[in-house]
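Novice: return atomic coordinates for the entry below.
(one chain, ligands or ions: 2)
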Amino acid sequence: RLGLTFKKDVSFGEWYSEVVVKSELIEYYDISGCYNLRPQAMAIWETMWDFFDAEIKKMKIKNAYFPMFITEDVLQKEKDHVEGFAPEVAWVTKLGQNDLEVPIAIRPTSETVMYPYFAKWIRCHQDLPLKLNQWCSVVRWEFSHPTPFIRCREFLWQEGHTAFATKEEADNEVLEILELYRRIYEEYLAIPVVKGRKSEFEKFAGGLYTTSVEAFIPNTGRGIQGATSHCLGQNFAKMFEIDFVDEKGEKALVWQNSWAYSIRTIGVMVMVHGDDKGLVIPPKVSAIQIIIIPVPYKDADMEAIFAACSSAVQTLQAAGFRAEHDFGKKSPGRKYNDWEMKGVPLRIEIGQDEIDGNQVLIVRRDNGSKVNVPTENMVEHVRDSLSNIHESLFNAAKVKRDACKEIVYTWEEIHDCTK
Ligand SMILES: O=C(C[C@H]1NCCC[C@H]1O)Cn1cnc2c(c1=O)CCCC2
Ligand SMILES: [Mg+2]
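Specialist: Numbers count the residues shown, from 1 in each chain. Ligands and ions are numbered 1, 2, ... in the order given. Prediction:
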């Protein structure tokens, strides 16, 4: 069946579940809360990964990889706040037919895995700062309604874990990382976010303070946490005895941060920009930025049309764009629907008219605008269109968010803006 059966503004939840599948981002899996991430989604994740990984390397943060399994006694070490999460922790209790003597937890996050070794590796102030990151998946057996990308039982994320000699260094890094999260949302996903500090009640229980970037989902009228950057203070240093001999020869506890963003970013992108024709992918993160489609006609010169499509792809790829052609057997109309469903930002149609006029027809996914462009201006028109698409997606999202933003000065004024 062509197109979506659910309308975004009528049945948002059903629309979301349908569009992530029909756009080929996700395939549902037979374990609730787990999903197959298909190449289109992986390409979006990789684009953000490339940006963030390059940026943290500039900050001299190194990637490592720690085991996913945690013994019970180590996990309980962080008992105060793990208690609150205990139901979410998945345990390995059997190997083959045999029960395990001691059950082993699957990491829901890696503080308890890493920090005993931070204690071992940090002896004196020359060992500081210790700044590690890992790209991995974590498991949290959530019981509330699972949602692809947004609330999964296993999800891809990065988790950064850093240790410093001084609070000042930690405070600075918390905000440097938060700025990178803002950039991921605003510069890559065209989604406006609000930076802020969580209340004592909402902060990460194990930390000193929590900062986050908050996005907004117009269809639910609710904010959503986009990514978090925590200062842990010396809480974990006390718990895991992570101390060092400072310049004065005295023992001191380290100051730590931990920070993460996950594939939830992709879910927010779908929710904010998608429409009733399917996905709308911001150009920076789209695996294919321009799809070129030949438009056959009864007595058209198909050879010339296919050749023009291939050369347009070459030209655009040479200019640094991710361009592909669709020479499939489907009708042009079917192809338009399929690529609109997949959210490709620009479509170029080339038929006999375009051959005769030495031009291309460029169609924008976000606003459906169509324009004939002389072939020699194609590259610069594509460049302008892609950056304009990003801007207009961002501005549209900002207008919707600001319509639901109120500045309040008293607790009484806080109310649900969808009412
Ligand atoms: O994971 C964090 C804090 C921190 N972990 C590392 C990356 C940044 C930040 O998310 C909070 N948290 C959330 N969820 C859980 C735990 C938990 O500590 C521990 C038990 C299972 C579920
Ligand atoms: Mg949770």
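
Novice: report the secondary structure state of Tyr409.
Specialist: At Tyr409 the chain is in coil, as set by DSSP: H, G, I helix; E, B strand; the rest coil.

Novice: how many neighbours does it have?
Specialist: 6 (other Cβ atoms under 10 Å). Backbone N, C-alpha and C define where each C-beta goes, glycine included.

Novice: up against ligand 1, what does the stretch 101-250 of the chain have?
Specialist: Taking Cβ under 6 Å from any ligand atom as the measure of proximity, the stretch 101-250 of the chain contacts ligand 1 at Pro108, Thr109, Arg140, Glu159, Phe204, Thr228, His230.

Novice: let's see if you can find the most crowded of those.
Specialist: His230 (24 neighbours).

Novice: what's the longest helix in this structure?
Specialist: Using DSSP state H, we find that the single longest helix of the chain is helix 378-403.

Novice: which parts of it are buried?
Specialist: Neighbour counts using 16 or more other Cβ atoms under 10 Å place 378-379, 381-382, 385-386, 389-390, 393-394, 396-398, 400-401 of helix 378-403 among the buried residues.

Novice: and that helix, average pLDDT?
Specialist: Mean pLDDT, helix 378-403: 98.

Novice: what's it packed up against?
Specialist: Using 3 or more Cβ pairs under 8 Å, 6 or more residues apart in numbering; DSSP states H and E, the elements in contact with helix 378-403 are strand 209-217, helix 264-273, helix 302-318, strand 346-350, strand 359-364.

Novice: now do that helix against strand 346-350, angle only.
Specialist: If you take axes from the mean of the first three to the mean of the last three Cα atoms, to 10 degrees, helix 378-403 sits at 140 degrees to strand 346-350.

Novice: which residues sit in contact with Pro116?
Specialist: Contact analysis of Pro116 by Cβ atoms under 8 Å, 6 or more residues apart in numbering lists Val74, Phe240.

Novice: same thing but 6 Å
Specialist: Pro116 sits next to Phe240 when contact means Cβ atoms under 6 Å, 6 or more residues apart in numbering.

Novice: again, but for Ile414
Specialist: So Ile414 contacts Val408 (Cβ under 6 Å, 6+ apart).

Novice: picking that back up, between the residues of the stretch 101-250 of the chain next to ligand 1, which is closest to Tyr115?
Specialist: If you rank those by distance to Tyr115 using Cβ to Cβ, Thr109 comes first, at 11.3 Å.

Novice: which SS class is the closest residue to that closest one other than its chain neighbours?
Specialist: Counting by Cβ to Cβ, 6 or more residues apart in numbering, Val138 is the residue found nearest to Thr109 once chain neighbours are left out, at 5.8 Å. At Val138, secondary structure determined by three-state DSSP is strand.

Novice: Val138 touches Ser110, doesn't it?
Specialist: No. Counting by Cβ atoms under 6 Å, Val138 does not reach Ser110; the two are 7.6 Å apart.

Novice: which strand residues bridge the closest residue to ligand 1 within the stretch 151-300 of the chain?
Specialist: Residue of the stretch 151-300 of the chain nearest ligand 1, by Cβ to the nearest ligand atom: Ala260 (3.6 Å). Note on Ala260: beta-bridge partners Glu159, Thr228, judged by DSSP bridges.

Novice: could I get stretch 188-199 in CSV with only the CA atoms?
Specialist: Only the C-alpha atoms of stretch 188-199 are listed here, as CSV (Å, rounded to 0.1, in the frame of the first residue of the first chain):
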residue,chain,number,x,y,z
TYR,A,188,22.9,18.5,12.1
LEU,A,189,19.3,17.7,12.9
ALA,A,190,17.9,21.2,12.4
ILE,A,191,16.2,21.0,15.9
PRO,A,192,16.3,23.9,18.3
VAL,A,193,17.2,22.9,21.9
VAL,A,194,17.3,24.6,25.2
LYS,A,195,20.5,24.2,27.3
GLY,A,196,19.9,24.1,31.0
ARG,A,197,20.6,22.7,34.4
LYS,A,198,18.3,20.1,35.9
SER,A,199,16.6,20.6,39.2
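
Novice: mean confidence for it?
Specialist: Across stretch 188-199, the average pLDDT comes to 97.

Novice: one step back: so the longest helix of the chain versus strand 359-364, what angle?
Specialist: 20 degrees.

Novice: give me the number of residues near Arg182?
Specialist: Arg182 has 18 neighbours, counted by other Cβ under 10 Å.

Novice: how about Phe306?
Specialist: Neighbour count of Phe306, defined by other Cβ under 10 Å: 15.

Novice: and for it, nearest residue in space, chain neighbours not counted?
Specialist: Distances taken as Cβ to Cβ, 6+ apart place Pro294 nearest to Phe306, at 5.8 Å, with adjacent residues excluded.

Novice: repeat for Trp135
Specialist: Take Trp135 and drop its neighbours on the chain: the residue closest to it by Cβ to Cβ, 6+ apart is Gln158, 5.1 Å away.

Novice: pLDDT score for the one you found?
Specialist: What the model reports as pLDDT for Gln158 is 98.

Novice: cool, and Ala319?
Specialist: At Ala319, the pLDDT value in this model is 98.

Novice: could I have stretch 243-256 exported to PDB, CA atoms only?
Specialist: The C-alpha coordinates for stretch 243-256 follow below in PDB (Å, rounded to 0.1, in the frame of the first residue of the first chain):
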ATOM      1  CA  ASP A 243      42.400   9.700  44.500                       C
ATOM      2  CA  PHE A 244      45.700  11.100  43.600                       C
ATOM      3  CA  VAL A 245      48.800  12.800  45.200                       C
ATOM      4  CA  ASP A 246      48.500  16.400  44.300                       C
ATOM      5  CA  GLU A 247      51.400  18.900  43.800                       C
ATOM      6  CA  LYS A 248      51.500  19.600  47.500                       C
ATOM      7  CA  GLY A 249      52.000  15.900  48.100                       C
ATOM      8  CA  GLU A 250      48.600  15.500  49.600                       C
ATOM      9  CA  LYS A 251      46.000  12.900  48.700                       C
ATOM     10  CA  ALA A 252      43.000  14.400  47.000                       C
ATOM     11  CA  LEU A 253      39.900  13.000  45.400                       C
ATOM     12  CA  VAL A 254      39.400  13.500  41.600                       C
ATOM     13  CA  TRP A 255      36.500  15.600  40.100                       C
ATOM     14  CA  GLN A 256      34.500  13.700  37.500                       C
END
